[in-house]
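Asker: with the sequence up front, the predicted model follows.
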Amino acid sequence: MSTGTRIFSAALFVFAVIGVGRFLLVEPEPAVSGERTEQTARRFQSAQECRACHQDVWDEWYGSHHQIAYLNTEVRALSDDFRNKECQACHLPQPIEVTGFGQRTLPRKTRPDEGVGCIECHVDGEGRVMGTRDLPGAPCAPRARDEMADVVHCESCHNQHWTTDQWRASSYPEKGIGCNDCHMPEVARQLADGTTRKGRGHGYAGAHDTAMLKKAGTFTVTRDGAELVLALENTGAGHNFPTEERHRVVDIDYRFIAADGTEGAWERAYRFRQPYRDEPGENTQLPAGERHESRVAIPDGTARAEARLWYRLKPYISDDDPASTLLEEREVVIE
Amino acid sequence: MIARRRSALTLILALIGCAPERVRQATEPAVPALPPVELSPAMPGLEELAASAPAGPGEERIAELRDLFETGYRAGYAQPRSAAMAQRAFAEADDSVWALEDVLVNHEDPALRAQAAFLLGQSGRKAALPILMKRVKYEADPIAQSWVAGALAALGCHGALDQLATMMGREDSAQVAGSIAIDVLRAAGVELGETPSYQELQDRCVELFGAWKRLGVVPGEVQADGSAPAAPAVEDLDPLLRARLAAHLVALAHQPLRPVDDCRFIFQRVGLVGLRLAERCVRASEPHPRNHGLEIMLGLGRSAAVVGDAVLPLFDDELTGSVSMRVAGAVGYAPALPHLSARLGSEHVEIRAAAAAALGLMGDPEALPALAARLSDPNEVVDVRVEAAAAIARIDVGRAFLLERAQVGDYHEPTLLELLDGVDRERAAARSAALRGR
């Protein structure tokens, strides 16, 4: 079976299962020669249409922060329920190809539940699907666009707080590691004929994913004479740690426990954060590949020291707050 | 084998009666052509205007005036005699308004901000409008906020009277806000009883605010036929006011979000004085300012009627076509009607939804059959059906007729109001039942 017929039978199978008239807008016969003409191209308008054939991708995306971008209560609270219209440009955008890859986006007013969805990332101004390779025989006929696998794809929305610039300034570009290499892990996609091909996860794990957060840094706590040395190295994030939103915080906290068992209070050794615009202070986010070290004098009579690495979605919350995530815990025996 | 499959598909195609989009296009009447798009860069001109602001006194002088102001007005700060002298000296300085603006924005004492607002209102300085209006957005002290709203009114801008009404509803500011409201209402020619209740004052303020949103001018400037006068030309604005307004529009070209929101806040409340400048953004070739300019007009509604001519050519613009159509509806631009109806059959969801919304805003009952067709088409996407339904609810000729009677006053008013209340109560009840049922 040639690729063309395989894909075609996959599509036919889908038609049979779904049996909905709208899919028949697709040119029924895949062009075996690899050519498709303009007028036979179907205009895609909603992620629901993609779901019909890409349920697996849909399942990954659905519930992700891209999908909830316009529903997210955190965003709604801060944007006065999107009466701050300029928040809509990224949280409910028009397809990025329309405004241009890497350019600022413009808002749309329909499909509130799709936030940043299949259409916004994959569909061009003519309503056609863009992918990383040409597959003219597939029912959605994806066409290769270099930008799809490139950082510019994410830049339109993710450089407001300089995440893309941070990546550019790191050693990752030279190593050929882009956003998708970390944020779209490889997955196996089952095709209709039972074979599989390599796909990319669409869950976009980030700051709400503990496993992802744990990958970002290497936390070490050691004793150097009369000092406790607390160090964090950004070994796993392709940009600052933390990055993006100014709310985001990484804290190193510690406390000393005396020989008689008395527990000292938790103190903060260091806070990594970009302050709000109207707050004093410098940006202390930890750039990719860099290491930061804090030294604290060990009081006399200390038996051991404890240290914790926290990630907080918001700056002024307690350790018990669900938006605080304990990433690492260390103990150093002093004597 | 392929041939067989194809014929099966052709059969199914025939059975389901072809695609809805195609049917729609085939039955459409000929669509009139749109006027040509004429966009040009707006930012260079606005930047130039922003930079043309007449220079104020230097920082040192402002600091000096600020000291004088503090001595004069800060409670318990100076001996009464020195305070009185400082007040006089401040009042006599012809550049003291600059210090008032500085205090209003930067002083940590809300009582001084309130005092500065009051004096700015008395100064007649129109150029203070954008500064006062931005303050409305950020002022956290309810008493200072009441004075800011009062100052704006004293300068001929009713764009913060909703805030004054809100401040009357707060225990800590009700009294101050109430007495400011009495002055504002009397100045606007509103008749009040001897001892008006807070409720009455609040209601009148909200009404005046509504009239301001509709017309963009205070009642005294409304023309004999009830319409607003022409918006002043950019050239005729006070140069400092013009420069300050232009500076806010320049922010629309840039990414940081707060200045963009400030700009929109100011232009949606400041009335006709800002209209011609904001219109330049609607005609801008730069897409982001154009989009924001259109969003401003959407918020302004009928008082921005003059932009109708500017938005019609944009209907087919890939970037701002749909928001342009919504603006045409919001400002009530009648020549857009055939174009809007035609676009109910567009192949773009965004455009069909915008066409439905705009026709609803327009309130033209002639659009009802076409909207009903969108609503009842089971193949139509839900976004469009929702907008069509909302449009139909808005056009709702019956309710409009009752409202019109109430406005014209040719039918027993209490009866009309009772009927309208009944309609609205039923709707509200249906709404909460729908929400509870989820």
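Answerer: Thanks, I have it.

Asker: where does the stretch 151-300 of chain A have low pLDDT?
Answerer: For the stretch 151-300 of chain A, applying pLDDT under 70 flags no range at all.

Asker: strands of that one, start to end?
Answerer: Secondary structure of the stretch 151-300 of chain A (DSSP state E, counting those that start in this stretch): strands at A:186-190, A:196-200, A:217-224, A:227-234, A:249-258, A:267-272, A:291-297.

Asker: tell me which of these lies nearest to B:Arg244.
Answerer: strand A:249-258 (37.2 Å; Cβ to Cβ). Backbone N, C-alpha and C define where each C-beta goes, glycine included.

Asker: buried set for the closest one?
Answerer: A:Val249, A:Val250, A:Asp251, A:Ile252, A:Asp253, A:Tyr254, A:Phe256, A:Ile257 (16 or more other Cβ atoms under 10 Å in any protein chain shown).

Asker: looking at those, spot the one nearest B:Leu417.
Answerer: Nearest to B:Leu417, judged by Cβ to Cβ, of those is A:Val249 at 54.7 Å.

Asker: can you check the pLDDT for B:Ser52?
Answerer: Per-residue pLDDT puts B:Ser52 at 92.

Asker: and the one 3 residues further on, by the same measure?
Answerer: Predicted confidence (pLDDT) at B:Ala55: the value is 88.

Asker: format the buried residues of strand A:249-258 as JSON lines; extra columns: distance to B:Pro313.
Answerer: Compiled in JSON lines, the buried residues of strand A:249-258 are given as follows (distance: Cβ to Cβ, whole Å):
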{"residue": "A:Val249", "distance to B:Pro313": "49"}
{"residue": "A:Val250", "distance to B:Pro313": "51"}
{"residue": "A:Asp251", "distance to B:Pro313": "55"}
{"residue": "A:Ile252", "distance to B:Pro313": "58"}
{"residue": "A:Asp253", "distance to B:Pro313": "60"}
{"residue": "A:Tyr254", "distance to B:Pro313": "65"}
{"residue": "A:Phe256", "distance to B:Pro313": "72"}
{"residue": "A:Ile257", "distance to B:Pro313": "74"}
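
Asker: per-domain residue ranges of chain A.
Answerer: If you go by automatic domain parsing, the domain ranges for chain A are A:48-200, A:210-333.

Asker: and of these, who's closest to chain B?
Answerer: Each of the domains of chain A has some distance to chain B by Cβ to the nearest Cβ; the shortest is domain A:48-200, at 4.0 Å.

Asker: what's the helix or strand where B:Gly45 lies in contact with?
Answerer: Take DSSP states H and E as the rule and B:Gly45 turns out to sit in helix B:43-51. With Cβ atoms under 8 Å, 6 or more residues apart in numbering or on different chains as the test, helix B:43-51 has contacts from B:234, B:242-244, B:246-247, B:249-250, B:253, B:277, B:280, B:284, B:286, B:289.

Asker: now do it: distance to the chain's middle.
Answerer: 23 Å (Cα atoms, centre = their mean, to the nearest Å).

Asker: CA atoms only: put the next helix or strand after it into PDB for me.
Answerer: As assigned by DSSP H and E, the chain's next helix or strand after helix B:43-51 is helix B:59-73. Coordinates of each C-alpha in helix B:59-73 appear next as PDB, following Å, rounded to 0.1, in the frame of the first residue of the first chain:
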ATOM      1  CA  GLU B  59      11.000  70.100  38.300                       C
ATOM      2  CA  GLU B  60      12.500  72.500  40.800                       C
ATOM      3  CA  ARG B  61       9.700  74.900  40.400                       C
ATOM      4  CA  ILE B  62       7.100  72.100  40.700                       C
ATOM      5  CA  ALA B  63       8.800  71.000  44.000                       C
ATOM      6  CA  GLU B  64       8.600  74.500  45.300                       C
ATOM      7  CA  LEU B  65       4.900  74.800  44.400                       C
ATOM      8  CA  ARG B  66       4.300  71.400  46.000                       C
ATOM      9  CA  ASP B  67       5.800  72.600  49.200                       C
ATOM     10  CA  LEU B  68       3.600  75.600  49.200                       C
ATOM     11  CA  PHE B  69       0.600  73.400  48.500                       C
ATOM     12  CA  GLU B  70       1.500  71.100  51.400                       C
ATOM     13  CA  THR B  71       2.000  74.000  53.800                       C
ATOM     14  CA  GLY B  72      -1.400  75.400  52.700                       C
ATOM     15  CA  TYR B  73      -3.500  72.300  52.700                       C
END
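
Asker: quick one: the following helix or strand past helix B:59-73 to helix B:59-73, angle?
Answerer: Following helix B:59-73 in sequence order, the next helix or strand is helix B:80-92 (DSSP H and E). Per axes from the mean of the first three to the mean of the last three Cα atoms, to 10 degrees, the angle that helix B:80-92 makes with helix B:59-73 is 140 degrees.

Asker: can I get whichever helix or strand comes after helix B:80-92 as CSV, trimmed to CA atoms?
Answerer: As assigned by DSSP H and E, the chain's next helix or strand after helix B:80-92 is helix B:96-106. C-alpha atoms of helix B:96-106 as CSV (Å, rounded to 0.1, in the frame of the first residue of the first chain):
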residue,chain,number,x,y,z
SER,B,96,0.4,76.2,40.1
VAL,B,97,-1.9,73.9,38.0
TRP,B,98,1.2,71.9,37.1
ALA,B,99,1.9,71.2,40.8
LEU,B,100,-1.8,70.3,41.2
GLU,B,101,-1.4,67.6,38.5
ASP,B,102,1.8,66.4,40.2
VAL,B,103,0.1,66.1,43.6
LEU,B,104,-2.9,64.4,42.2
VAL,B,105,-0.8,61.7,40.6
ASN,B,106,2.0,61.3,43.1
